[in-house]
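>>> Output the structure for:
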Amino acid sequence: MCSWRAGRRRNRRAIAGLRRFRSVEELAFVEPTELATIEGFDADTAAEIQARAQAILARIEAEFDERRNGLGVADDLKSIEGVTTPMLVKLGENDVKSVEDLAGCATDDLVGLDGSPAWAKTRFTPDSSTVSTFPANRPTR
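Now for the predicted structure:
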């Protein structure tokens, strides 16, 4: 068998092994030994893949942080547990730029800022089979 064919087969198996990871985050934070179990990968290759994935995540985070700063979103919003930098950008795009602005928002003001699709805010009414398009957290009348 030609050596280039064997190399192509190894590459296909390695790519197939990587397909079980659905995101860059999974690659960046998986145990290195799990990456090293993929055929054709050794510990050095696994470490390099993880380093590159972490570098991509750091670059994306820096881009979002730059956008956040450009929108004038205060740093104190970053200290709120569970709030990510992409969320801060979305808040800034909707003129929520400080903790005081966020405190003044009703929950209805924040619905949809997470980028969830419109169907996530609809529900079936119990008395009919039609879909009502009002937000799901409002009571029916």
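>>> going forward, measure contacts and count neighbours with C-alpha atoms only.
Noted.
>>> With adjacent residues omitted, what lies nearest to V83?
Excluding its sequence neighbours, the residue lying closest to V83 (C-alpha to C-alpha, 6 or more residues apart in numbering) is L77, at 7.7 Å.
>>> residues contacting the one you found?
L77 sits next to 83, 88, 97-99 when contact means C-alpha atoms under 8 Å, 6 or more residues apart in numbering.
>>> Would you check how far apart it and T85 are?
Plainly put, L77 is 10 Å away from T85 if you go by C-alpha to C-alpha, to the nearest Å.
>>> cool, and T37?
Distance from T37 to T85, by C-alpha to C-alpha: 33 Å.
>>> Tell me which of these two has more neighbours.
When neighbours are counted by other C-alpha atoms under 10 Å, T37 and T85 differ, and T85 comes out ahead with 20 against 14.
>>> What residues of stretch 26-33 count as buried?
27-28, 32 (16 or more other C-alpha atoms under 10 Å).
>>> In CSV, list the residues you listed along with distance to A62.
CSV is the format used below for the buried residues of stretch 26-33 (distance: C-alpha to C-alpha, whole Å):
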residue, distance to A62
L27, 19
A28, 16
P32, 25
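>>> after whichever helix or strand A46 is part of, next one along is what?
Under the criterion of DSSP states H and E, A46 resides in helix 43-71. Per DSSP H and E, the first helix or strand lying C-terminal to helix 43-71 is helix 85-93.
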